[in-house]
Every structure is written in C-alpha cells, then in structure tokens.
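Peer 1: Need a 3D model of the sequence below.
(2 chains)
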Amino acid sequence: MNNAVNARLARLRGSLQADEPGARGFERVARNPDCTRLRALTIAGIDPATAAVAVYREPAREGQSPFALAIGNRFDRAMAENGAAQLLELYRSAGRLTTAECKVAIIPDMAPLGSPREMKHVMALRQTLSQQLLEQKLRRDRKAPNIIIKPRVLVTLLGLDHGIEPDALVASDSDPFYRPVEIKSYPDRAGKTEPADVRSACRQAAVGVVALRNVVSRMGVPTSETLIPPLGDLVLRIPGALKPTLRPMTLKGEVDSLERAIQEAPSNLDELEQLLPSGAALDDPVILESIANSYRASCREHCALAQHCKQRAVANRDPAILGDYAKEALAAAGSVSRALDLLKGTGAPPRTPAERALSEQLRDAMREYREAV
Amino acid sequence: MAGEIDLVARLLAFDKGKASRIASHLQVSIQPHALVVCPLAMAGEDTTIHVVAIGHVGQPPELRSVPDPRFRDDQYQLFTWLAERIETYFGECRSQGDYPQIWVSSSPVAALLDTLADRLRYNQDNPTVKRFGELLSYATERFPLAGQQALITATGALRQHFATGQQEAEDEHLGTVLVWIEPPAGRNVLAEVAATELVPMGAKTDPTFDRQTLEPLVRDYNEARRQKADPKVLARRAKAVHDTLVNVVRPIYDATQRAIQTLGGMNLQQLPSLASLDERERDEFQNFMQSRDAGYHLPLRDNPKPAAFKLAGREDALDNLEAALTHEDRIGRARALLAGDILRGTVQHPRKLHVGPWRFEYSLEVVSNQRVLRVRRRDELALLRDTRLRAVVTDVQRRGRMTTVSLQLSSGGRAVGLPHTGELVEFGPGAPDWFGIVRTRAQMANRLSNPPWTHSDSGMPNRSPQRQRPPRDLLTVLEGLR
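Peer 2: Here you go, the predicted structure:
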C-alpha cells in the first residue's frame, strides 16, 4: 500500500522533491480546511513556500528574521540544557512534577545529527528511541522519563508515516501517559498574549496529541482518546527574559479539526487525481492554478501562497478581497463585480431568489448610506 | 466589519479605487500638542526599542537608536532619553490642566508600548526607566477603553472615518490605508497598495531586510565591540545601523503625521460627545498623576475587586460610545438602524388613559417594515429626536415584512408629548450617560465590600436558609415569639 501511494504521490509532485509536512503543515490544513489547493499540496508533500518559488516563480515571502530565530533557538536551548533544568523547575513550581520526578530524556543528545548523509539513519534512530520510551511509559515502568525532549513520533496520512517532533512530552510517574508540550519564544502576557500566536501554538500541540494517539493505537491500545485527552502545555517566555511560563490548554477543537482533516485525506487523494488531467502534476503552474483555493484574511498568517492567492482573488473579483464578512455576505453574488451590479441595479437583473434578497439588502443599505453621508 | 453600511462602503471604495467616508462627524479629539511616537523593536526582542522617532504634531521627529538593543546599558540610555521627553510632555499637560495624547502608527506599536510599560514600571535598577514605564502605563492602560483619547493608533482613527476596498485586517497597514484615502493620480490603486504593503509600518522591520541588511550591520558592530575596537570605528558602525534604521522609521513617522493631517483636513464637525470624552480624559490623567505622586503602586495583574471595577468601566465606555455614535453621527445611526438596534416606523393608536388623579398611562404602536429588528419585550427605548421620552416594549407582532411594536411610555409623556398617528418616529438606545459609571462604582463598592466566596479563601458558603429540624413543640416556640 505504501509503495503504491508513494508512487501516486511522486507522480503528483512531478519534478518537485517531497517536503516533510511536519506539525506546521498539518496545522496549516486544519486552519483552512476549505482550501483544496493547500490540501492538495500537503497531500502530495509540497510545502506552499516551495510551490510559491518553484511553481509560481514568485519571491518567497515566508521566513523569520535572524534576530527572532536567534532568540527562539536560545530559548529552545535554554529549555533543554542542564538536563532540562528550567522545564523541570517550571513543572515542579506548577505542582505537576515532584522533586523526585526528574527523569529526562533528550532525544537529540541520544542520537545527534552528523553529516547530512546520515540524516535518514539518525531520524530512524530517534524514532526507535522515542518509541521505546513511549512503550516504557505505557507499561507503567517507573523508570520511564518524566520529560522527553524532541521525541520523534509518526502521524499517518494516506497510509504514509510522516515524522513530527513535538518540542517535549511530559508526565509525572502517576500519569498514565505523556502530554505534548509546545515551546515557543512568544512573550507570555497572560490575557494580552497575541491570540494568533496562541492559536498557532495550540494547533501545533494538537498535532502532538494526534501523533501520540496514533502511536499508542499501533501499540494496541484501543482507547487512545481516553489515555491521551485533548490537552497540551504551552511553554512561553516571560517578556524580556529567557524564563519560561506554563499554560496548560484544552485542545479539543484543534484535535477534532486535525483528525477530521487527516481522516478526509485518502478520499481527497482519489478526488485530487480525478480532478487533474491524466499524467498532470502539481509542479505545473497551470495545473496547480486549476485547483480551487479558498483565500481568507487569515491566510497570510500561515501560508506562503497567500500573496499569490490574493492576486488571483483580486483578478477574479472574489468577495474575499473585502474580508471574511464580505465573502459570506456576498456569497449569493459570487463576485464583487456582480455584487456591484446588484447594488447599482446595472447588469443582468437578479437571477436567483438569493441574488434578489442580496440586491434588496444592499440597496437598502446604500440608500441609508447616501442619506447619512 | 460592523455590518451592511460598511460592506456597501467597502464595495464602493473598491469600485471607485478610493476610500469611502463612513463618519459624518470627527470621532477623534486631535490634540494640537499631541506626541507622535514611532518605535521599532528588534524582532523577537519584545521589550526593546531599536530606533525611535518622536515629535509633536506637525513637527519633524527627533531620532534616536541603539546599535544593538540587547545590550542593556545602551538600551537604558535610549529609554532615559525617551523618558525625558515623555516626562516633559506629561508635565506640560498637567500644568495646563490638559491631558497627554500619544499617536502611534498601528495596533502592534500600541502593543509594544504596553509590553514596555508592563516591563519597565517595575524596574529596580534605574528610577528614570521605572518612571518612563509608569508614565507609559497611563496611555497603555487607557487604550482598551472605547472612546479613550490618550493613545490613538493612526490606523484605528482612520478606520473610524474611512472604509477601504481591502480586508479589515489589511487596514492595519497605515501605508495602504493612506493610499486608499489619497490614491495616486493616474495609477492603479491596487498596484500601488501592493507596492506599499512591502514597506514596514508597524513595530518591527521586515524579516528580509533584517536578514540582508540589518543583521550584518549589527553583527559588524558587535564584532568591533567584542574586539574593543577604536571608538571611531565603533561610532562609524553604530552610525551605519542608525542610518539604516532611520530609513525605515522615518516613513512610519511621516505616515502617522499624514494620517493626523488627513483627519484634521476632513473639516468634519466634531462629535458633540467628544467634549465629554475630553473631560473624562482630563480627570483620568489628573487622578493618575496624583496617584503616582502619592506613591501608589501600579499592579501588573489586578486583584478581583479592581478588576471588576475596570471591567465595569470598559462596559460603560463601550455603551456610551455606541450611544454617542447612534445619537450624534448620521452614519452611526444608519448603521444601528440596519442592525435593528433602532426601531423606525409610523405611529398607530396613540392612547392617553386616565388611571387616577393626575395619573395617565400613555401607549402607542409603531409599525415598521425593517428587515432586521432587535427589540424584545421589556426593552426600554428612547425617542431619538428627544430622549426625555422613553418607552417600554410591551409586545412585538411580526406579520410578513411588517412588525408592530407596542410601547408604553415610562417617562416624557407630558414633557415631550405623545407622538401623533402617522408620524414617522425612531426609537433606540438612550443618550450617553457620562455619570452612570459613578453610580455603578458606588453600587459596586457597596456590593464588593466583602469579597464573594468565589474570590476568597473562605470556601463555599452554607446553604441559605439552613435546613433545620422542626421544633418538637411548635406551639411553645410560637408562644415564645409573642
């Protein structure tokens, strides 16, 4: 099955190399499940940034500032160094771990990266090590680590395993299993923390939940949902310092949307192949463009194709260019040009009851607006 | 987006390639002495200022930067420099019985100032920096309140007055909003917007710029510093960073000034309630400064009681601003009408019923053909042309497109008089109540004198009334009560 699906996916990618979607890739699909183009790229294993550069030949607008990367890396390192002392202290002060619960496994230290040629081997080793530790915990072995840094676990999509690396897993000795931890260098300002940052971190933590459920299901645990509830921890940063803060989060909505996205994927591969002409691949801009997208205001937060999709939306006069409210309110018209016709009474008369209702609504609003101005 | 009016305004803006006006009155009180502050933080370093442009309305900026704000001593020198300017400005406002007003380009800059205020006001090493944090806190603590005039974002102020032909989220880019308001002649507005979008207008520089230009310069400076290079070399490298950053921050400062000019140049009449908002701002500022003089501490997180007061304050501010816009701004009123918050219709069956000596009961029906109407029984509405007349909804009947709302007057029957049959009337929310918060605070102080059990260590209280065994001899107990 894997080989067959692999071959189909390679055909879909054409000349492009496969990108590992990672937690961010899965999270991205869950953010905009209506976007067939994004789903198609994720299914085929093409990163939107690769598509923007290699398919559309557009400049890559994704990427972080080196200053932001530096602080992010420093924070990640600070959490892992000295046997994850800061993380242990954080969980102890939150009452989640006792002083005796100090067993830490740092997977990248146990299987360090050597030359790029060894990458595949190292990743496999990391996955095996992680698997052993997870099995140990599942057996309720008291020697199982309380914190595992950067374990490598698998999410299955289309019968293919994709490796993801949650920042950490945490469990006390009495906990039945681990909880995923997402470490972000975002400043934690309690209620004032940037909501988009929190949303994104929660979705990535939810990928960890889904992956852990996947792993324990393979180990023969029938009730993975009970063993791994939709909970995750966000470890953020005290503003202006390298000290961590802990925010336990409920991830029910995020986990549900991710599981739905993953479960829908196989039929989408079939649909995707049917959608495309025989032998067509996604490395062809015309083919990629023929797949429907769903441009939204939030796309620029997470997708490298946002700018491209916006240009197309402008060209097609898609109501989404005026925002999500306009996209919904003007759905009956289908385009800004048609909405303007209905507003001004130009062009063809309303063709459907929905268009007639929209026309009346817009003209009422227009009358009030004109009077007020 | 607020509703249909804004949708239509955006459609028209897109069609014309020019922003549409969505306010009949000026909704921001532009202080002639206002201070424009444009800081840029280093990416990822949320409590830093790499460069800042600061100046009064209509004035050129003073510019100051640090080569690398991650060096605390350098950073504190910049904070001290900034603190002197803020202290002077606040002092002048206080001596004139006025309030300070700070303009920034957009919400991310307001968030940066808020982070700095939260962080610096507890500084124990440098009293000037601590004072800077405290003074900034005045503006940043006022920011979440609707209608506040202490910290204004240029994008927010423009959005109150203009609808553009782009997404609401894109309106947070000051440059693009200004392009929509004053599109360049003979050029496609969408192409111009796309080009302007690439120019940073927030609190941070562009990641690509950081990668290709800024980071190498900062690295050079740090390298020279590490090697204890000649002061001239250090100064030269610091200047290279400064010049580069000034090229980024200066357009933001100019755009913010342009936004203020644009609003001032609209020649709109001020919203009448702005006078009350100004008055409130003056009071708040004087209270804040007196509290600092008295040495009161500014908490990072509120205790339950002050939090409840602040929440009530925010609700009150929002209600008052909405009421002010509905009553005083024609587009605000149209917005409320289309949202169904205003009942507009013709009067039917006005009745004056004699119910006792000098006592009358007034009632009427209003027949409306509004598509959306948000009135329920027991809602109290005010007649918009004279808010002394207030009425309570007693019934709502909908038949097809027509809605009949039955009303009973609760006040104003004699002073204003019952509307006539066939008269077109508009009922809606009452006028802003600027002193309502005083009554609310008094009532809350009374109610919260003992913290509720949810916010104290006393635990859940016993059931009330407590279940007791009935007395064995009920008759004796009753006799004892005589």
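Peer 1: Can you name the residue of the stretch 351-482 of chain B nearest chain A?
Peer 2: At 7.0 Å from chain A, B:R371 is the closest residue in the stretch 351-482 of chain B, using CB to the nearest CB. (Glycine included, C-beta is placed from N, CA and C.)
Peer 1: what's the burial count for that residue?
Peer 2: 14 (other CB atoms under 10 Å in any protein chain shown).
Peer 1: Thought A:Q361 was touching it, still the case?
Peer 2: Yes - with contacts counted by CB atoms under 8 Å, B:R371 reaches A:Q361, the gap being 7.0 Å.
Peer 1: Now for these two: what residues contact both?
Peer 2: Among the neighbours of B:R371, none is also in contact with A:Q361 (CB atoms under 8 Å, 6 or more residues apart in numbering or on different chains).
Peer 1: any idea of the mean pLDDT in stretch B:102-113?
Peer 2: Throughout stretch B:102-113, pLDDT has a mean value of 96.
Peer 1: For it, give the distance from the opening residue to the closing one.
Peer 2: Stretch B:102-113 has its terminal residues 11 Å apart, counting by CA to CA, to the nearest Å.
Peer 1: Wondering if it reaches chain A at all.
Peer 2: Yes - Stretch B:102-113 is in contact with chain A by CB under 8 Å from any CB of the partner chain, via B:A111.
Peer 1: Give me the buried positions along that stretch.
Peer 2: B:102-106, B:108-113 (16 or more other CB atoms under 10 Å in any protein chain shown).
Peer 1: Return the member of these nearest to chain A.
Peer 2: Out of these, the member with the shortest distance to chain A (by CB to the nearest CB) is B:A111, at 7.5 Å.
Peer 1: Pretty sure the closest one sits against A:P195.
Peer 2: No - the pair B:A111 / A:P195 is not scored as a contact, 11.4 Å apart, by CB under 8 Å.
Peer 1: for the residue of the stretch 151-300 of chain A found nearest chain B, helix, strand, or coil?
Peer 2: In the stretch 151-300 of chain A, no residue comes nearer to chain B than A:G240, which is 3.5 Å away by CB to the nearest CB. Secondary structure, DSSP: H, G, I helix; E, B strand; the rest coil: A:G240 is coil.
Peer 1: So what does the residue nearest to it when sequence neighbours are not counted look like in phi/psi?
Peer 2: Among residues not flanking A:G240 along the chain, B:T47 sits closest, at 3.5 Å (CB to CB, 6 or more residues apart in numbering or on different chains). Note on B:T47: its backbone torsions stand at phi -120, psi 30 [degrees, to the nearest 10].
Peer 1: do the same with the one 4 residues further on
Peer 2: Backbone torsions for B:V51, taken as degrees, to the nearest 10, come to phi -150, psi 150.
Peer 1: what residues does stretch A:72-83 touch?
Peer 2: Under CB under 8 Å, 6+ apart, the answer for stretch A:72-83 is A:64, A:86-87, A:102, A:104, A:106, A:108, A:149-150, A:167-168, A:183-185, A:235, A:237, A:242, A:244, B:44.
Peer 1: in what helix or strand does B:L40 lie?
Peer 2: strand B:35-40 (DSSP states H and E).
Peer 1: list the buried ones in that strand?
Peer 2: Buried residues in strand B:35-40, counted by 16+ other CB under 10 Å: B:35-40.
Peer 1: Which other helices and strands does it contact?
Peer 2: With contacts defined as 3 or more CB pairs under 8 Å, 6 or more residues apart in numbering or on different chains; DSSP states H and E, the packing partners of strand B:35-40 are strand B:51-56, helix B:72-95, strand B:102-104, helix B:107-120, helix B:231-264.
Peer 1: And those: which comes nearest B:P306?
Peer 2: Closest to B:P306 of the helices and strands packed on strand B:35-40, according to CB to CB: helix B:107-120, at 15.8 Å.
Peer 1: Distance from the chain centre to that closest one, please.
Peer 2: Helix B:107-120 sits 15 Å away from the centroid of its parent chain (CA atoms, centre = their mean, to the nearest Å).
Peer 1: any idea which helix or strand comes after that helix?
Peer 2: For helix B:107-120, the following helix or strand on the C-terminal side (DSSP H and E) is helix B:127-142.
Peer 1: Using CSV, write down the CA coordinates of that following helix.
Peer 2: What follows is helix B:127-142, C-alpha atoms only, in CSV (Å, rounded to 0.1, in the frame of the first residue of the first chain):
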residue,chain,number,x,y,z
PRO,B,127,14.4,55.1,38.6
THR,B,128,14.2,57.1,35.3
VAL,B,129,13.4,54.0,33.4
LYS,B,130,10.9,52.9,36.0
ARG,B,131,9.2,56.4,35.8
PHE,B,132,9.1,56.0,32.0
GLY,B,133,7.3,52.7,32.4
GLU,B,134,4.8,54.3,34.8
LEU,B,135,4.1,57.2,32.5
LEU,B,136,3.7,55.0,29.5
SER,B,137,1.2,52.9,31.6
TYR,B,138,-1.2,55.8,31.6
ALA,B,139,-1.6,55.7,27.9
THR,B,140,-1.5,51.9,27.6
GLU,B,141,-4.0,51.3,30.4
ARG,B,142,-6.4,53.7,28.8
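Peer 1: What is the burial count for the nearest residue to A:A171 once chain neighbours are set aside?
Peer 2: Using CB to CB, 6+ apart and skipping residues adjacent in sequence, the residue nearest A:A171 is A:Y178, 4.5 Å away. If you count neighbours by other CB under 10 Å, A:Y178 ends up with 28.
Peer 1: Report the contact partners of A:Y178.
Peer 2: Counting by CB under 8 Å, 6+ apart, the residues that A:Y178 touches are A:134, A:137, A:148, A:169-171, A:212, A:228.
Peer 1: Narrow those residues to those in helices?
Peer 2: A:134, A:137, A:212 (DSSP state H).
Peer 1: There's contact between the last one and A:F177 in this structure, I believe.
Peer 2: Yes - taking contacts as CB under 8 Å, A:L212 lies within contact range of A:F177: 7.2 Å.
Peer 1: Give me the common contacts of these two.
Peer 2: A:I228.
Peer 1: quick one, strands of the stretch 301-450 of chain B?
Peer 2: B:343-356, B:359-368, B:380-383, B:390-399, B:402-411, B:424-428 (DSSP state E, counting those that start in this stretch).
Peer 1: Over to chain A?
Peer 2: A:104-106, A:147-149, A:153-157, A:160-164, A:168-170, A:179-187, A:231-237, A:244-250 (DSSP state E).
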